[in-house]
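**Student:** Got a predicted structure here, sequence first:
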Amino acid sequence: VKRSRVLGCGTYLPANVVTNQDLERRVDTTDEWIVQRTGIKSRHLAADGELTSDLAIGAAKRALDHAGIAASSIDCIVLATTTPDNTFPATATKVQAALGTGGFALDIQAVCAGFVYALSVADNMIRGGQARRALVIGAETFSRILDWNDRTTCVLFGDGAGAVVLEGYDGKGDSSDRGVLSTHLHSDGTQYDLLYVDGGPSSTQTVGHVRMHGQEIFRHAVTKLSGVVEEALAANGLESTDIDWMVPHQANRRIIDGLARKMKLPPEKVVLTVDRHGNTSAASIPLAFGEAVADGRIQRGDLVLMEAIGGGLTWGSALIRW
Ligand code: ACO
């Protein structure tokens, strides 16, 4: 196998939309503050009883339909999530049962960088011959780990899921370089305390809530992201002017704009969903990618740059020729 190609993609959002004005009624905040600091205007929140696996299954079904392949031909599911249905088993196994896929299924935990991590794991498994066709999913019900009394975090996040189908390809009969060109991962555990959940099975036996040093995260974000983007471009002998679309993790409009400016990438090449989705953690990249493919902005053959940073810290990038 020469590389993995992306056969299709799909997205799924809970029906319930919560605007900043809705939040003004339950949190000490304003629409103006949220829009100015983050660019977020609304987000989707899962209904009671609507689980991460439900969102993941919804996105996965649409990705399979879009790829035009049967679930039974999938032999690997890699699901990135920070909000699994249960502490164990992996939520991916629930998705496997619902779809009727074979092979094996595992979860990846890299918070907001989760999708790039999952893509990298699946791509390497395909290139290593351990899988032939993989579903890569980012799915979160992040609202379940928010402290709704902490206005500095609860206004930032949303729920949702996105998925892509990867297939191993031997490179024969196609002179284009379509597929996952490369992925680049980093983590720095010395920054563990900048963004974390204050609970868990081993420490408190509770689920816990998100705690974040927002300004510190902001300080790391643009520098680390531009570094890992440069790494991806250099590995492929490309310049930022070669990029057709940047599909960033959607944490914050200011981080996205800052990185695009640093890369001298015009705003019309950047896919933005943060205004309508908020930060959906591992789901944000496949949600943005799926939306831009569905509305025809991203065309076959386009060079797409994905990048993300999240708790850990963890960060990474991926270059894909769609
Ligand atoms: N509504 C109104 N006022 C608020 C709110 C709110 N929701 N939240 C905080 N404030 C107030 C604070 O209390 C503070 O008031 P004070 O000056 O009277 O003490 C004031 O606003 C400024 O607070 P800061 O924390 O300094 O605000 P800042 O400008 O840093 O913006 C933000 C906060 C948006 C979180 C910013 O730091 C940021 O974007 N950081 C990046 C973190 C991020 O995006 N994390 C997402 C997860 S990680 C990831 O996905 C990359």
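**Tutor:** Right, received. Where do you want to start?
**Student:** can you list contacts of the helix or strand containing Val222?
**Tutor:** Using DSSP states H and E, Val222 maps to helix 214-235. Outside helix 214-235, the residues that touch it by CB atoms under 8 Å, 6 or more residues apart in numbering are 152-153, 182, 184, 186, 191, 194-195, 239-240, 242, 248, 251-252, 254-255, 258-259, 262-263, 305, 307-309, 313, 315-319. For the C-beta atoms, the positions are set from N, CA and C on the backbone; glycine is no exception.
**Student:** Swap in 6 Å and give it another go.
**Tutor:** Helix 214-235 is contacted from outside by 182, 184, 194-195, 255, 258-259, 262, 307, 309, 315, 317, 319, using CB atoms under 6 Å, 6 or more residues apart in numbering.
**Student:** The stretch 151-300 of the chain: strands as residue ranges?
**Tutor:** According to DSSP state E, counting those that start in this stretch, the stretch 151-300 of the chain carries its strands in the segments 159-169, 179-187, 195-197, 210-212, 245-248.
**Student:** so which of those strands is the most packed in?
**Tutor:** A comparison of the strands of the stretch 151-300 of the chain by mean neighbour count, using mean count of other CB atoms under 10 Å, puts strand 159-169 on top with a mean of 28.
**Student:** Now do that one: which elements does it pack against?
**Tutor:** strand 3-12, helix 52-67, strand 133-141, helix 284-294 (3 or more CB pairs under 6 Å, 6 or more residues apart in numbering; DSSP states H and E).
**Student:** Point out the residues in the stretch 151-300 of the chain that sit beside the ligand.
**Tutor:** For the stretch 151-300 of the chain, the residues in contact with the ligand (CB under 6 Å from any ligand atom) are 151-152, 155-156, 195, 212, 214-215, 217-218, 221, 251-252, 279.
**Student:** Next one, pLDDT for Gly171 please.
**Tutor:** As predicted, Gly171 sits at a pLDDT of 77.
**Student:** isn't it right next to Lys2, touching?
**Tutor:** Yes: in this structure, Gly171 is within contact of Lys2 by CB atoms under 6 Å, at 3.5 Å.
**Student:** For the residue of the chain at minimum distance from the ligand, grab the count of nearby residues.
**Tutor:** Distances between the chain and the ligand by CB to the nearest ligand atom are smallest at Gly214, namely 2.9 Å. When neighbours are counted by other CB atoms under 10 Å, Gly214 registers 15.
**Student:** Now do it against Ala221, distance only.
**Tutor:** Going from Gly214 to Ala221 by CB to CB, to the nearest Å gives 10 Å.
**Student:** Equivalent analysis for Asp123, please.
**Tutor:** From Asp123 across to Ala221, the span is 24 Å (CB to CB).
**Student:** Between those two, tell me which one has more neighbours.
**Tutor:** Applying other CB under 10 Å to Asp123 and Ala221 shows that Asp123 carries more neighbours, namely 26 against 23.
**Student:** Contacts only, for the more buried one.
**Tutor:** Per CB under 6 Å, 6+ apart, neighbours of Asp123: Ser4, Val180, Thr183.
**Student:** Model confidence for the first one, exactly?
**Tutor:** Just to be clear, that refers to Ser4. For Ser4, the model assigns a pLDDT of 96.
**Student:** what's the distance between it and Thr153?
**Tutor:** In terms of CB to CB, Ser4 sits 35 Å off from Thr153.
**Student:** thinking again about what came up before, any chance of the strands of the stretch 151-300 of the chain in CSV, plus distance to Ala59?
**Tutor:** Converted to CSV, those look like this (distance: least, CB to CB, whole Å):
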stretch, distance to Ala59
strand 159-169, 4
strand 179-187, 19
strand 195-197, 23
strand 210-212, 23
strand 245-248, 15
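**Student:** Which one, of those, ends up nearest to Gln36?
**Tutor:** The closest of these to Gln36 is strand 210-212. By CB to CB, the value is 18.2 Å.
**Student:** just to revisit the earlier point, among the residues of the stretch 151-300 of the chain next to the ligand, give me the pair with the biggest separation.
**Tutor:** By the measure CB to CB, Arg151 and Ala221 form the most distant pair in those, at 20.8 Å.
**Student:** May I have the beta-bridge partners of the residue lying closest to Leu55 once chain neighbours are set aside?
**Tutor:** Using CB to CB, 6 or more residues apart in numbering and skipping the chain neighbours, the partner closest in space to Leu55 is Ala161 (3.7 Å). Counting by DSSP bridges, Ala161 forms beta bridges with Tyr12, Ala139.
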